[in-house]
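[1] Turn this into a model:
(2 chains)
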Amino acid sequence: MEKWSYQPAQDHGLAPVERARSVRREAGLISTITHAAWWTGVRSYLTLWHRLRIVGRENLPVEPPFVLVANHASHLDALVLAAPMSTRLRDVVFPIAAADVFFENGPVSLFASMMLNALPMHRANRGRHALADLRSRLVEEPCAYILFPEGARSRTGEMLKVKAGIGMMVAGLDVPVVPCWLDGCFEAMRPGCVVPRPRVITVHVGKAERFVDQPNTREGWDAVAERLEGRIKALRPVRG
Amino acid sequence: MNARWWDIEHAVDHPAVRVMLLMVAGLLVGAGVIIGVLSVLGKLKSEMRTELIRRTVAWGVMVPVVVGPILIAPAWGGLMMGVVSLLCYREFARATGLFREKALSALVAVSIGVITFSVVDHWYGFFMALGPLSIVVILAAATLRDEPKGYIQRIGLASLAVLLFGVCLGHAGYLCNDGTYRPMVLLLLACVGLNDIFAFCCGKLIGGAKLAPTTSPGKTISGAVGAITLTTVTFVVLGSMVFTAGPLSQMHHLIVMGIMVSTAGILGDLTISSVKRDIGIKDMGVVIPGHGGVLDRCNSLLLTAPAFFHYVGYFQGVGLDTPTRVISGGLGP
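    Next up is the predicted model:
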């Protein structure tokens, strides 16, 4: 008789807050329900308050794994990118959030995990290690990341230089990376702004690109970063 | 507000309830004093001391959380057991991987919810029907995915979960529907809890051959024998205050029930140990400091609750003296 195979949750044995902070977190029934409720709310809010519009929706992948990358100028960005995803993908689409902001204290960590389904990215000295963890999860199970490769929000609305981190995550992997340009998020809620203003937000979704041929080395990472920076900037609509 | 939902005036009317509450409070305070004295005398290593303190504090939190609702009113006792069942199921699902089957997992959770409803409603027929009915629904729903690979494992785990956490633990909740449920439920919980402690202490003091070394290396035969002896004595002493009239007040019934509660407790513990060994994990969770998960704490109740319930039910009847179908009553014919 063939043996049954059990796969305990990857986060088994972690206390609630540690579990929220774990890159290996897996959603259960309760999280599925809270994610669904949160994202339904966010979707309605974005539609009503910001008239959210997606240009190039056909470029959004339907099946994981994939990575969405975009310019970053507002706390709204992750919401705007995650909201259009199909309900079926709710538990496997993970916005990558700064650990020092979203995973520092207990209640905020629980919010980030139960509602946003965010995974932590450590920016300072643990950055390389954190990226390796995220990369291995992307390879081992079908999941999708939303991340902002500039590594911080732009204070001017102009795009910052894309960091090599995105390259460390995807160079050499056969995972589609989808560049997006978020238009209007900076105007709606620039850094420092607390209450979002009712500005129209448009997402421009570009064609996916794979970096399977790029070596997982310094040169490969820089090449991926440079390439994606160009792709994201190219999506920016030209204003007349 | 009727007495099913709010009956705190009668919480400690029964002398056996008062005795058991005092006993538990005494044990907790006593444990604290012993730990304090031993650490002042320097007989405790610091890790051992931290561990003992954590365990005792955990007991100090668990006892009011569990006993409180039982004392307040029957409905809260049933609801509390329902919540415990769901927490146990959550740990079981995450340990076995069943939680990834979202639809099946939701069905199990709903089944436990409906079983809890039948408990709070005091609807025995429905309560008995829900075990098989839940399995019918799970088997049928699981076929709809049209994916035979792994089917038996999925439905096997889901059915087991309904039976263990919905039906078996549900019996502990259903006991709350009896007219004099407080002493009975507290007697069961006290003896199940003490049984673990007796087994631990006897095993540590006497040592000797292992009971089931592959399943649970910590358990010894001496521990089991000691636990059965001491729990039976405790059950007879406390039980004679709980069952004051009727057939169950006879000595031989009390002895049989004591042995049954203790044996089923040890076997329930071994059941969950076997599950954990099969999966390859040490604890089911980390919710209760020093104890592990909720399921690690409730494992002894899994087999004890139905055994005790039906023993009492056969010889005396459970809940025959209280109104039935208190919520759904208006719906039926």
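[2] show me the contacts for residue 189.
    I went with chain A, as the question did not name one. Counting by C-beta atoms under 8 Å, 6 or more residues apart in numbering or on different chains, A:Met189 touches A:Ser74, A:His75, A:Leu76, A:Pro196, A:Arg197. (C-beta placed from N, C-alpha, C; glycine too.)
[3] wait, chain B
    Contacts for B:Leu189 (C-beta under 8 Å, 6+ apart) come out as B:Val66, B:Val67, B:Ala172, B:Leu301.
[4] most surrounded residue in those?
    Within those, neighbour counts (other C-beta atoms under 10 Å in any protein chain shown) peak at B:Ala172, which reaches 28 neighbours.
[5] Output the contacts of A:Met189 as a markdown table; include the columns neighbour count, secondary structure and pLDDT.
    Below are those laid out as a markdown table (neighbours: other C-beta atoms under 10 Å in any protein chain shown; DSSP: H, G, I helix; E, B strand; the rest coil; pLDDT from 0 to 100):
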| residue | neighbour count | secondary structure | pLDDT |
| --- | --- | --- | --- |
| A:Ser74 | 24 | coil | 93 |
| A:His75 | 16 | coil | 92 |
| A:Leu76 | 26 | coil | 94 |
| A:Pro196 | 20 | coil | 94 |
| A:Arg197 | 12 | coil | 94 |
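[6] wait, which of those residues is closest to B:Arg297?
    Among the contacts of A:Met189, A:His75 lies closest to B:Arg297 (C-beta to C-beta), at 41.4 Å.
[7] backbone phi and psi for the closest residue in space to that closest one that isn't next to it in sequence, please?
    In space, A:His75 comes closest to A:Met189 once its chain neighbours are excluded; the distance is 6.1 Å by C-beta to C-beta, 6 or more residues apart in numbering or on different chains. Backbone geometry at A:Met189, expressed as degrees, to the nearest 10, gives phi -160, psi 80.
[8] can you check B:Leu144 too?
    Here is the backbone geometry of B:Leu144 (degrees, to the nearest 10): phi -60, psi -20.
[9] cool, B:Gly292 as well?
    Backbone phi and psi, for B:Gly292 under degrees, to the nearest 10, turn out to be phi 100, psi -130.
[10] Bridged to it, which residues?
    Beta bridges link B:Gly292 to B:Ile288 when assigned by DSSP bridges.
[11] Could you measure from it over to A:Gly157?
    Using C-beta to C-beta, to the nearest Å, we find B:Gly292 at a distance of 52 Å from A:Gly157.
[12] Tell me which of these two has more neighbours.
    For B:Gly292 versus A:Gly157, neighbours defined as other C-beta under 10 Å are more numerous around B:Gly292 (21 against 14).
[13] check contacts around that one.
    B:Lys282, B:Asp283, B:Met284, B:Gly285, B:Val286.
[14] any idea how far it lies from A:His72?
    As judged by C-beta to C-beta, B:Gly292 and A:His72 stand 42 Å apart.
[15] One more: B:Met23?
    When B:Met23 is compared with A:His72 (using C-beta to C-beta), they lie 62 Å apart.
[16] Then B:Ile255?
    Distance from B:Ile255 to A:His72, by C-beta to C-beta: 72 Å.
[17] if you look at the lengthiest helix in chain B, does any of it touch chain A?
    Under DSSP state H, the helix in chain B containing the largest number of residues is helix B:251-279. Yes. Contact of helix B:251-279 with chain A (C-beta under 8 Å from any C-beta of the partner chain) involves B:Asp278, B:Ile279.
[18] For chain B, which residues are neighbours of chain A?
    Within chain B, the residues that sit near chain A (C-beta under 8 Å from any C-beta) are B:90, B:93-97, B:99-100, B:102, B:105-106, B:109, B:153, B:156, B:278-283, B:285-286.
[19] circling back to that earlier point, just the buried members of the contacts of B:Gly292?
    B:Asp283, B:Met284, B:Gly285, B:Val286 (16 or more other C-beta atoms under 10 Å in any protein chain shown).
[20] out of those, what pair is the most spread apart?
    The two members of the buried ones among the contacts of B:Gly292 with the most space between them (C-beta to C-beta) are B:Met284 and B:Val286, at 9.0 Å.
[21] can I assume A:Val80 is in contact with A:Thr202?
    No. Counting by C-beta atoms under 8 Å, A:Val80 stays clear of A:Thr202, with 9.3 Å between them.
[22] More neighbours: which of the two?
    Under the criterion of other C-beta under 10 Å, the comparison of A:Val80 against A:Thr202 puts A:Val80 first, with 25 against 17.
[23] ok, now which ones touch the more buried one?
    Applying C-beta under 8 Å, 6+ apart, one finds that A:Val80 lies in contact with A:Leu46, A:His50, A:Leu52, A:Leu182, A:Cys185, A:Ile201, A:Val203.
[24] Between B:Met23 and A:His72, tell me which one has more neighbours.
    Between B:Met23 and A:His72, A:His72 has the larger neighbour count (other C-beta under 10 Å), namely 22 against 15.
[25] And the pLDDT at the residue nearest to that one when sequence neighbours are not counted?
    Nearest residue to A:His72 in three dimensions, chain neighbours excluded: A:Phe148, at 3.4 Å (C-beta to C-beta, 6+ apart). Predicted confidence (pLDDT) for A:Phe148: 95.
[26] which parts of stretch A:1-19 are buried?
    Here stretch A:1-19 shows A:Tyr6, A:Pro8, A:Ala9, A:Gln10, A:Asp11, A:His12, A:Gly13, A:Leu14, A:Arg19 as buried, counting by 16+ other C-beta under 10 Å.
[27] For A:Arg137, see how far away the fourth one is.
    Summarising the geometry, the distance separating A:Gln10 from A:Arg137, computed by C-beta to C-beta, is 9 Å.
[28] How about the last one?
    A:Arg19 sits 15 Å away from A:Arg137, taking C-beta to C-beta as the criterion.
[29] and what of B:Trp76?
    Computed as C-beta to C-beta, the B:Trp76 to A:Arg137 distance reads 42 Å.
[30] rewinding a little: would you reformat the contacts of B:Gly292 as JSON lines and include pLDDT?
    JSON lines is the format used below for the contacts of B:Gly292 (pLDDT from 0 to 100):
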{"residue": "B:Lys282", "pLDDT": "89"}
{"residue": "B:Asp283", "pLDDT": "89"}
{"residue": "B:Met284", "pLDDT": "91"}
{"residue": "B:Gly285", "pLDDT": "88"}
{"residue": "B:Val286", "pLDDT": "87"}
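[31] so where's chain A shaky on pLDDT?
    Across chain A, the ranges flagged by pLDDT under 70 are A:125-126, A:240.
[32] name the element A:Ile146 belongs to?
    Assigned by DSSP states H and E, A:Ile146 belongs to strand A:144-147.
[33] Please name every helix or strand in contact with that strand.
    If you count contacts as 3 or more C-beta pairs under 8 Å, 6 or more residues apart in numbering or on different chains; DSSP states H and E, strand A:144-147 packs onto strand A:66-70, helix A:77-82, strand A:93-98, helix A:165-170.
[34] and the angle from the helix or strand hosting B:Phe198 to helix B:251-279?
    Under the criterion of DSSP H and E, B:Phe198 resides in helix B:181-206. Between helix B:181-206 and helix B:251-279, the angle comes out at 70 degrees (axes from the mean of the first three to the mean of the last three C-alpha atoms, to 10 degrees).
[35] Give me the mean pLDDT for helix B:181-206.
    94.
[36] helices or strands next to whichever helix or strand comes after that helix in the packing?
    Next along the chain after helix B:181-206, taking DSSP H and E as the criterion, comes helix B:221-242. Applying 3+ C-beta pairs under 8 Å, 6+ apart, one finds that helix B:221-242 contacts helix B:15-40, helix B:181-206, helix B:251-279.
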